[in-house]
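Only the shape, not the letters, is given here:
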């Protein structure tokens, strides 16, 4: 029998998700990483990326777009992020528009380093949104 | 003369009634806004403690925490105050309480502090007194998003890191209940966590990635952002509560005034009638 753990996804304004899961995949700073119950305790920073998780007893993955944050892995998993979105809440056209806007900033770079960094983050976030909307970057295996 | 007087009173009653309508409407609007703000506020508060707990946990369990953010690391010379007021008036003593507290704290500073003003009223007050306003946010606070708070807090953290400022104090109004709010000042940086030997050690080793230091730095900036966000949301709630109270008492006062004026009007009217009757009776008597 597969074990399960509680996953909580917290944003500053609300509890985005809470439930029993058996597998969580997130994008850490060094790449995608999966966590299953009884993982070593860890605190890791997250990049903007997709969040995949399998609810207990299910073989389907649920996907959400998250905008960076950190994951706290103990007996249970807590993900703290600045923003999280389900695919059905994502406005695809807006994401494409914003990505293009950010790309334009990069084409005409200003001297301000922080602006370039912001544009890069914006591109990453909107790319994630687009992928999530289409059912995830990686297809279901 | 009496008729003249009566017209005056009538006019006053009318204008006070108009005012009563306005304050009553504002009260209702504030009550609705308060309800919404309170909702957001309560949701934020639920998850508020989470980041603080994580920081304390790391602090208590590792020895490699960077001391940059801890108290006693460097002498406090320059303070940065984050002052949260409203952008609109008519909310009783809400703004003046915050400003009073801020002025008191500023008086205790050695060097002239920097000020980050959230809300117009505080900005105006301190700009007139020639303080350096290094950041501001002027839109209605109840609709602030977390991203916008990040834009407020980022420069503050940067300045702290580059040692331009040595202390960050936030002054805001804390929400006790709909009838009671109090001004609070909180020091955001440097931290004052005591290494508490009695706090429970985690029983297992925790992996930090990329490194303890980076995780800690990330948490610190998150902490500041979340505290600022929380305080803005809380202040907005208080603003509406304060305005609702102010408008309620204004409405009550107006109603009382209308009652008094009505009484006065009726008396005057009666006096006019009595006067007329006594004139007629006097005239009739004279004819006898």
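Sure thing, it's come through. Keep in mind it's a predicted model, so treat the numbers as computed, not measured. Numbering: from 1, shown residues only, chains lettered A, B, ... in the order given.

Now do the contacts for the closest residue to residue B:206 other than its chain neighbours.
Leaving out its chain neighbours, the residue that sits closest to residue B:206 by Cβ to Cβ, 6 or more residues apart in numbering or on different chains is residue A:41, at 4.4 Å. In short, each C-beta sits where N, CA and C put it, glycine included. With contacts defined as Cβ atoms under 8 Å, 6 or more residues apart in numbering or on different chains, residue A:41 is in contact with A:73-74, B:202, B:204-207.

Check the spacing between residue A:41 and residue A:35 real quick.
11 Å (Cβ to Cβ, to the nearest Å).

got it, and residue A:84?
Counting by Cβ to Cβ - residue A:84 and residue A:35 are separated by 17 Å.

Just confirm residue B:70 contacts residue B:189, I think it does.
No - Residue B:70 lies out of contact with residue B:189 (Cβ atoms under 8 Å); the separation is 9.5 Å.

So for those two, which sits in the more crowded spot?
The neighbour count for residue B:70 versus residue B:189, taken as other Cβ atoms under 10 Å in any protein chain shown, is higher for residue B:189 (24 against 16).

mind listing what that one touches?
Contacts of residue B:189 by Cβ under 8 Å, 6+ apart are B:69, B:157, B:160, B:167-168, B:220, B:224.

Got phi/psi on the closest residue to chain A within chain B?
Chain A sits closest to residue B:207 of chain B, with a gap of 3.8 Å, by Cβ to the nearest Cβ. With angles defined as degrees, to the nearest 10, residue B:207 sits at phi -90, psi 130.

Now do it: how many residues are near it, please.
Neighbours of residue B:207 using other Cβ under 10 Å come to 13.

got it, and residue B:138?
11.

Low-confidence ranges, the chain, go.
The chain I'm using is chain A. A:1-2, A:109-112, A:136-141 (pLDDT under 70).

actually chain B
B:1-3, B:47-48, B:62-66, B:72-73, B:142, B:193-203.

what's the offset of the lengthiest helix in it from the middle of its chain?
Across chain B, the longest stretch assigned as helix under DSSP state H is helix B:212-287. Relative to the chain's own centre, helix B:212-287 is displaced by 19 Å; criterion: Cα atoms, centre = their mean, to the nearest Å.

Return the residues of chain B in contact with chain A.
B:40, B:43-44, B:46-47, B:50-51, B:54, B:58, B:146-147, B:150, B:202, B:204-210, B:214-215, B:218-219, B:222, B:225-226, B:229 (Cβ under 8 Å from any Cβ of the partner chain).

Give the ChimeraX command for selecting the buried subset of these.
Buried residues within the residues of chain B next to chain A, by 16 or more other Cβ atoms under 10 Å in any protein chain shown, are selected in ChimeraX with:
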select /B:40,43,44,47,50,51,54,58,146,150,206,208,209,215,218,219,222,225,226,229
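
ok so, going back, now do the contacts for the residue of chain B closest to chain A.
Residue B:207 neighbours (Cβ under 8 Å, 6+ apart): A:40-44.

So which of these sit within strands?
A:42-44 (DSSP state E).

Among those, which one sits closest to residue A:25?
residue A:44 (12.6 Å; Cβ to Cβ).

need the contact list for the residue nearest to the closest one when sequence neighbours are not counted.
With Cβ to Cβ, 6+ apart as the criterion, residue A:44 has its nearest non-adjacent residue at 4.3 Å, and that residue is residue B:209. By Cβ under 8 Å, 6+ apart, the residues touching residue B:209 are A:28-30, A:42-45, B:215.

tell me the SS of the nearest residue to residue A:77 once chain neighbours are set aside?
In space, and not counting its chain neighbours, residue A:77 is closest to residue A:7: 4.9 Å by Cβ to Cβ, 6+ apart. Three-state assignment for residue A:7 (DSSP: H, G, I helix; E, B strand; the rest coil): strand.

which residues touch residue A:7?
A:17-21, A:24, A:53, A:76-79.

Weed out the non-buried ones from the residues you listed.
A:17, A:21, A:24, A:53, A:77-79.

that older thread, what separates the residue nearest to residue A:77 from residue B:233, distance-wise?
For residue A:7, the distance to residue B:233 - Cβ to Cβ - is 26 Å.

Residue A:85 too?
21 Å.

of those two, who's got more company?
residue B:233 (27 against 21).

Buried residues, the lengthiest helix in chain A. List them.
Using DSSP H to define each element, chain A has its longest helix at helix A:113-133. Neighbour counts over helix A:113-133 (16+ other Cβ under 10 Å) mark A:119, A:122-133 as buried.

Same question for stretch B:260-277.
Those would be B:261, B:265, B:268, for stretch B:260-277 by 16+ other Cβ under 10 Å.

Would you reformat those as TSV and include distance to residue B:242?
Converted to TSV, the buried residues of stretch B:260-277 look like this (distance: Cβ to Cβ, whole Å):
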residue	distance to residue B:242
B:261	28
B:265	34
B:268	38
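
dump the residue contacts of the closest residue to chain B within chain A.
Residue of chain A nearest chain B, by Cβ to the nearest Cβ: residue A:42 (3.8 Å). Neighbouring residues of residue A:42 by Cβ under 8 Å, 6+ apart: A:71-73, B:206-209.

Now residue A:72: closest residue in space, sequence neighbours ignored.
Residue A:72 sits nearest to residue A:78 (Cβ to Cβ, 6+ apart), 4.5 Å away.

how about the one you found, secondary structure?
strand.

re the thing from before, turn the contacts of residue A:42 into CSV, columns for distance to residue B:15.
CSV is the format used below for the contacts of residue A:42 (distance: Cβ to Cβ, whole Å):
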residue, distance to residue B:15
A:71, 63
A:72, 61
A:73, 67
B:206, 69
B:207, 72
B:208, 68
B:209, 69
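
just those now: which is nearest residue B:35?
For the contacts of residue A:42, the nearest to residue B:35 is residue A:72 (33.3 Å; Cβ to Cβ).

Tell me which residues touch that closest one, please.
A:42-43, A:78-80, B:54.

picking that back up, from the contacts of residue A:41, which land in strands?
Going by DSSP E, the strands hold A:73, B:207 from those.

can you put the contacts of residue A:41 in TSV and add distance to residue A:101?
Output for the contacts of residue A:41, formatted as TSV (distance: Cβ to Cβ, whole Å):
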residue	distance to residue A:101
A:73	36
A:74	40
B:202	44
B:204	45
B:205	45
B:206	40
B:207	38
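
Closest to residue B:239 out of the contacts of residue A:41?
residue A:74 (38.7 Å).
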